[in-house]
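Undergrad: build the 3D model from these lines:
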Amino acid sequence: MVDWVVAPFLEFAFMQRALAGALLLSLSACPVGVFLMLRRMSLTGDAMSHAILPGAAAGFLLYGLEIVPMTIGGLIAGAIVALGAGAVARLTVQREDASMAAFYLVSLAIGVVMVSLRGSSVDLMHVLFGTVLALNDDALWLIGLVAAVTLATTVLLWRALVGECLDPLFLRSVSGLGGVVHFVFLGLVVLNLVAGFQALGTLLSVGLMILPGAAARFWVNDAVAMCVASVGIGIVSSLGGLLLSYHASLPSGPAIILSAGVVYLVSLLAGPRGVLRPALPRRHHRTA
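TA: Alright, predicted model coming up:
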């Protein structure tokens, strides 16, 4: 059993890089996913993961599968969609979720068309679903930098982020940070999606952000505990997914997300706040 778990990471450098990248993504993206869930913006994260595709595709068209141009392109595209959707919501009668959906659908279509103009179906699969087993030093440095920025920003703005989740109107009434915190948070979402897209692709990068946080919600009810639990679930899912990918010859990115999905289902059923908990008989303590 030990050899089944440890041997792949001792024998192969690409497995070590994949594990390092997945662990850094878990440290960075999972707490962001908790705040997305608490703010009821989980689908916004999914929309943003599609929104970065045109920028990444533009970098791919100009420079091929180079990490720096695709990253810069993804950041620019994500920022344009986030700011555009927010502007439409504030200047028109349309709600932000509807404008975000419109922007991401158009972005997804444009990105797929752009990749198809030059690349093969293999290139398209690489952009859409990532290659965590092919992470190089540049990709690991990028993911590590995003993790450092995310953790530092989260610590500095912790109280404002929690206040924005609980009562954004109150935060804006007592502080001028409300709007700033909202856009900083969207920036963190875009950063982590761009970092995750290097390993998991544009379609699956949001999975490691949302599923661990959603699973943690069934076990704990405190924001700090949820962030810690989500990171732990992300690490376990990453490790399990990479081992499943190695031993069963499955695509590594989908295997990681499937592992996180299994943890979510177990949490949904067996967690203290899950669906089966109310059905279990409660112990009655006798009082003296």
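Undergrad: drop to CA atoms for contacts and neighbour counts, all remaining ones
TA: Noted.
Undergrad: need the residues that contact stretch 41-59.
TA: 33, 36, 65-66, 69-78, 81-82, 97, 100-101, 103-105, 107-108, 110-112, 114-115, 127, 189-190, 193-194, 202-203, 205-206, 210 (Cα atoms under 8 Å, 6 or more residues apart in numbering).
Undergrad: hmm, which of these are the buried ones?
TA: The neighbour count (16 or more other Cα atoms under 10 Å) marks 33, 36, 65, 69-78, 81-82, 97, 100-101, 103-104, 107-108, 110-112, 114-115, 127, 189-190, 193-194, 202-203, 205-206, 210 as buried among the contacts of stretch 41-59.
Undergrad: just the ones of these in helices?
TA: Using DSSP state H, 33, 36, 69-78, 81-82, 97, 100-101, 103-104, 107-108, 110-112, 114-115, 127, 189-190, 193-194, 202-203, 210 are the members of the buried ones among the contacts of stretch 41-59 that sit in helices.
Undergrad: which residues of the stretch 151-288 of the chain fall in helices?
TA: 158-166, 168-174, 178-204, 207-216, 223-248, 252-270 (DSSP state H, counting those that start in this stretch).
Undergrad: how close does the residue sitting nearest the centre point of the chain sit to Y63?
TA: In the chain, the C-alpha nearest the mean C-alpha coordinate belongs to M209, at 2.6 Å (Cα atoms, centre = their mean). Per Cα to Cα, to the nearest Å, M209 is found 28 Å from Y63.
Undergrad: ok, now F12?
TA: Taking Cα to Cα as the measure, F12 falls 29 Å from Y63.
Undergrad: settle it for me: which of these two has more neighbours?
TA: Neighbour count, other Cα atoms under 10 Å: between F12 and Y63, Y63 has more, with 13 against 10.
Undergrad: just for this protein, where's the confidence low?
TA: Along the chain, the model assigns pLDDT under 70 to residues 65, 118-130, 133, 167-179, 202-203, 277-288.
Undergrad: so what's the residue nearest to F35 when sequence neighbours are not counted up against?
TA: In space, and not counting its chain neighbours, F35 is closest to C165: 7.2 Å by Cα to Cα, 6 or more residues apart in numbering. Contacts for C165 (Cα under 8 Å, 6+ apart) come out as 35, 38-39.
Undergrad: contacts only, for the closest residue to G241 other than its chain neighbours.
TA: In space, and not counting its chain neighbours, G241 is closest to I256: 3.8 Å by Cα to Cα, 6+ apart. Neighbouring residues of I256 by Cα under 8 Å, 6+ apart: 208, 237-242.
Undergrad: try it again with 10 Å
TA: 22, 132, 200, 204, 207-208, 234-245, 262 (Cα atoms under 10 Å, 6 or more residues apart in numbering).
Undergrad: shouldn't the residue nearest to the centre of the chain be in contact with G234?
TA: Yes: using Cα atoms under 10 Å, M209 is in contact with G234, at 8.4 Å.
Undergrad: so what sits against both of these two?
TA: Overlap of the contact sets of M209 and G234 (by Cα under 10 Å, 6+ apart) consists of 25-27, 29-31, 257.
Undergrad: most neighbours of all the residues you listed, which one?
TA: A29 (34 neighbours).
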